[in-house]
Every structure is written in structure tokens, then in C-alpha cells.
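> Sharing a sequence plus its predicted fold:
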Amino acid sequence: MREKHVLSSTIKNRDAYKAVADHVERDDFSEQGWVIWAGISEYYEADPSATRIDVGILGDSIARTVQADKHKDMFRNLVSGIAEQDTSPANVVRDFLATKREVVGHRLAAAILAGEGTDSLLDEYSDLLVRDSLDDDNDEEARQGFDVQELVDIGFDPAGLIHISPSSLNDRLGGGVKPGHHLILFARPEMGKTMMTIEMMSGFARQGLTTLYIGNEDPLDDINMRLVNRLSGMTKEQVLTDPKAADTKAREQGYENVILKALAPGTPREIQSLVEKYQPDVLVLDQLRNLNMGQDNYVLKLEEAATQARTWAKRYSCVVVSVTQAGDSASNKAVLDLGDVDYSNTGIPAQADVMIGIGASQAQKDAGELMISLPKNKVSGCHEWFACISEPQLSKILPLG
């Protein structure tokens, strides 16, 4: 298969990996190929100085993620055989496009045989047939000596930033984020992930931004009620007493800008279809760990989900907010770091532009306080942590003091 050429080139050369990494999707590889790709990604992310991959280390690393001895040996042999392929890293983009054509061609043929709709697949296949680049717009000129004033006016205009609630978080992000950024929110259970998600969505709604919320954790009615609480400023009891007033107040604050969709648990194709239908400014994935990635290995599953989320952010030029769990190490811990992400302290953080951790000591919990940390922040470089006060009845987060 063509995928072996892509895998071989990226094993041999980090630049080849970088050329295609942002464009890789789960469906581009077979089950075995995807496991190897995940191992390649983790290797390069763990060692930023590596210019190529040690085949033995890669094989052993992948073998540790599977249980059966026969599968361990199979992957070691696969990695070794793929690395020996006669390939040209310089032609990795050409090989990757050929791989995508092959995959989409098979899907198109299967859809035709099954009598299913083929319009979207036919469009995708036709587009791949004429592509010789991974760029979304092949007519865009490469930049050299770009006018700095124009760069500032267009690429870094504060008016084009998407503000992130609460304001204390937005300030530490330098005033907001841009379309294409991927934010990952993580915390222990019952530590305020949903409250922070609602806080963020209320801020997006007030900005007039179309926000698509994909939920596979809590009942959708519960999420909807909490959003109404935050936007209307009315508690659940007050909403139940006077739903008309709550409706009016929530709509005045942009309630209609939020689209809520429950998936159980949701696949990449289902989510991508919804994104293409609603074309949101912001996509919220709650939670990554529940998505069906066609992968039994939990570590790889989470990393695949995070990789896919980042791909959507770039492809559809929207902000993606992904929600995931923190591990046991974050219990009663105020300031979280990258090592506290559940099951993935390398793969998930590698796919984020901003990591937002929510923690608290027992004393802070008792006082209704939360500690927000920024263990990764490529947007502004600020890694401060700061305390907030929570108002659970309104799903509201306020600065402390």
C-alpha cells in the first residue's frame, strides 16, 4: 500500500513528517498504519531535536501499547520492514496525496456498490485527483519579504481575535485567540470542566459567534439549562418559575448563536459532517475521551482525537475547544501541568495551542475557589496561574478579588 511510503519517509526524515503531519486524518491509514503513525508522532513530539527515528526504539515503543505477544512482534516487524522501503522523503507530499486518493477511491467504490449517496465523496476524490499540494488554496503565493505593517494589520489585528471568557483568562492570552487555534481544557471530575465550558460558550455567544457544541458526556438538556442560567443570570429554580423571562434574557445575550448536539459517542465523520453543515466559528468537543476513534488502545485513542480536533481547527478556520480529563495526579492539586493529563502527557498536549488546567486544593474547594493554570500557551507565552471564584448555580467564573 501507498501508506508504507509515507510512513517510511517520515521515519527517515523529520522534515517529511512536518510536511504532512497537520493534514493527517484517521481515515488516511489502515488500522496498523495508524498505530505506527501515532508512534511516529509521539517520538518526534517527545524529542524535538530528533531528525529521524530510531527504528528499534519506535518498534519497542509501539509494542508496549499492545497486549498480545504476537501483536508486539508483528508491529516490530512491520516497523522494520517499512523503514527498509526504498522511498524519497522529498516526495512525501506526493506519496501522501496518492495515499489519500487510494483511501477515498475505495470509499467511493464501496458507496456506489451499496447504493449510498456519493456526491461528497465524488467531490473529494475529484479534488484529490487534481491536487499537487496540501495547501487549501493552491493559488496562494508563498510569502517572502511580506510587508510587516500588512502582517500586523491582517494577521494580528486585535479586532479579529476571539475573546475567551472569563476575562482573567483572556488577558493572559493576550486579548484572545485566532481562528485555527486549538484549546484543550482538562481537570479532574467535578472540578469545573463543564462550568468553564459554559463560561466560554456564553462569551462566544455574546460576541455573536456561531458555536457548535458536541456533547457525549452530560445530558444535553442539562447543558442547555446551564447555558440559559449563565446567559440569563437566572438560577435553575428561577428559570423553572419564569421560563419566558429566562428565554428573553438569554436571547438578548446571544443564546441563538449556540448549536447543541448530542452524540453517543460520536465519530470523526459525524462531527465533520456537522461542522460542514453549520460552519461554526467555534467548535466545542465535550469530551475527547468518549469519541469513537475506531481504536481500542486508550492512549492512542485520545491522541487520535486530539490530532483530529486540531486538524478541524486549521481546515475549517475555527477555534476548537476540546475537553478531557486530568489523571489521579491532579487530585487536590491546585496548579496543573502537562503531566496531569489523563493517559496522555505528550500526545494530547502536542496537539494544543493552549492547555487550560483547572485545579484546587481541598481548602480552595471548600471556599468555592478554582485555580486556572496555563501549562502550555503558544498564543501569548504567559504561563501564569490564577485563582477564580465559581458560582455553580449560574455556571459562572469570576476573578478572585
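It's in.
> can you give me the strands for the stretch 51-200 of the chain?
With strands called from DSSP state E, counting those that start in this stretch, the stretch 51-200 of the chain shows them at 182-187.
> low-scoring pLDDT stretches of it, where are they?
Where the stretch 51-200 of the chain drops to pLDDT under 70, the residues are 119-120, 123, 126, 129-130, 132, 135-144, 154-156.
> does residue 11 really touch residue 82, like I thought?
Yes - using C-beta atoms under 8 Å, residue 11 is in contact with residue 82, at 6.8 Å. Heads up, the C-betas are built off the backbone N, CA and C, glycines and all.
> now the helices for the stretch 101-250 of the chain?
For the stretch 101-250 of the chain, applying DSSP state H, counting those that start in this stretch gives helices covering 119-130, 148-150, 167-172, 193-206, 220-232, 236-241, 243-252.
> most tightly surrounded among the ones you listed?
Scoring the helices of the stretch 101-250 of the chain by mean neighbour count under mean count of other C-beta atoms under 10 Å gives helix 193-206 as the most buried, with a mean of 24.
> could you say what helices and strands that one packs with?
strand 182-187, strand 211-215, helix 220-232, strand 258-262, strand 282-286, strand 319-325, strand 354-359, strand 396-399 (3 or more C-beta pairs under 8 Å, 6 or more residues apart in numbering; DSSP states H and E).
> hmm, back to that, turn the helices of the stretch 101-250 of the chain into a markdown table, including distance to residue 311.
Compiled in a markdown table, these are given as follows (distance: least, C-beta to C-beta, whole Å):
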| stretch | distance to residue 311 |
| --- | --- |
| helix 119-130 | 15 |
| helix 148-150 | 28 |
| helix 167-172 | 25 |
| helix 193-206 | 21 |
| helix 220-232 | 25 |
| helix 236-241 | 37 |
| helix 243-252 | 33 |
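> Any idea which of those helices gets closest to residue 345?
Across the helices of the stretch 101-250 of the chain, residue 345 has its closest neighbour in helix 193-206 (17.7 Å, C-beta to C-beta).
> so residue 321 bridges to which residues?
For residue 321, the beta-bridge partners under DSSP bridges are residue 183, residue 284.
> my guess is it meets residue 185, correct?
Yes - counting by C-beta under 8 Å, residue 321 touches residue 185, with 6.4 Å between them.
> list the residues that contact both of the two?
197, 200 (C-beta atoms under 8 Å, 6 or more residues apart in numbering).
> what domains does the record give for the protein?
3-130, 158-399 (automatic domain parsing).
> that older thread, what would the helices and strands packed on helix 193-206 look like in CSV with distance to residue 248?
What follows is those, written out as CSV (distance: least, C-beta to C-beta, whole Å):
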stretch, distance to residue 248
strand 182-187, 30
strand 211-215, 20
helix 220-232, 8
strand 258-262, 16
strand 282-286, 24
strand 319-325, 27
strand 354-359, 32
strand 396-399, 19
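> Quickly, which of these bottoms out on average pLDDT?
With a mean of 93, strand 396-399 has the lowest mean pLDDT of those.
> Any buried residues in that one, and which?
By neighbour count on 16 or more other C-beta atoms under 10 Å, the buried set for strand 396-399 is 396, 397.
> what does stretch 377-391 give?
377, 379, 385, 386, 387, 388, 390.
> which one of these sits closest to residue 284?
Looking across those and measuring by C-beta to C-beta, the closest to residue 284 is residue 379, at 17.8 Å.
> is it true that that closest one lies in a strand?
No - counting by DSSP: H, G, I helix; E, B strand; the rest coil, residue 379 is not found in a strand; it is coil.
> residues contacting it?
By C-beta under 8 Å, 6+ apart, the neighbours of residue 379 are 173, 174, 177, 181, 353, 354.
> Correct me if wrong: the first one contacts residue 378.
Spelled out, it's residue 173. No - counting by C-beta under 8 Å, residue 173 does not reach residue 378; the two are 10.2 Å apart.
> Any chance you could list residues touching both of those two?
Common neighbours of residue 173 and residue 378 (C-beta under 8 Å, 6+ apart) are residue 354.
> Need the CA coordinates for stretch 94-103. CSV is fine.
Extracted in CSV, the C-alpha atoms of stretch 94-103 (Å, rounded to 0.1, in the frame of the first residue of the first chain):
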residue,chain,number,x,y,z
ARG,A,94,3.1,13.3,-3.5
ASP,A,95,3.0,9.9,-1.7
PHE,A,96,0.6,11.2,0.9
LEU,A,97,-1.8,12.6,-1.7
ALA,A,98,-1.6,9.2,-3.5
THR,A,99,-2.5,7.5,-0.3
LYS,A,100,-5.5,9.8,0.2
ARG,A,101,-6.7,9.2,-3.3
GLU,A,102,-6.4,5.4,-2.7
VAL,A,103,-8.4,5.6,0.5
